[in-house]
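Trainee: Any chance you could fold what I've pasted below:
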Amino acid sequence: YAEGWNSRATVLYLLGAYDRSIGDIGRTLALEPRHFGAMAGLGKILIKKGNLKRALQVYRRALKIHPYMVERNSVVPDLERAVEGRGI
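Mentor: Below you'll find the predicted structure:
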């Protein structure tokens, strides 16, 4: 049940247990590879851990599934500037 794993990943994220949350996100995505919410959660964790390049990759993958995610207007452009050096 993918949503159960994603819910637990969210709780672990809120508790600051990022590595454990990533593990549950992995289980979520193994069961439902198109779970864009889990991908967005993974992107948030990767940003907190300083892995901006991987976070951008994850968000881009999620946007292919759900192109109208809120993050497309804020998080993704900020990551693109940080990772790729693009201007406004």
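Trainee: Pull up the gap between Ile65 and Phe36, please.
Mentor: Distance from Ile65 to Phe36, counting by Cβ to Cβ, to the nearest Å: 5 Å. (Glycine included, C-beta is placed from N, CA and C.)
Trainee: who has more neighbours, those two?
Mentor: Phe36 (19 against 12; other Cβ atoms under 10 Å).
Trainee: Pass me the low-pLDDT residue ranges in the chain, would you?
Mentor: For the chain, applying pLDDT under 70 flags the ranges 86-88.
Trainee: in it, which spans are strands?
Mentor: For the chain, none of the segments meets the definition of strands by DSSP state E.
Trainee: Give me the distance from stretch 41-60 to the chain's centre.
Mentor: Here the centre of stretch 41-60 is set off from its chain's centre by 6 Å, with Cα atoms, centre = their mean, to the nearest Å.
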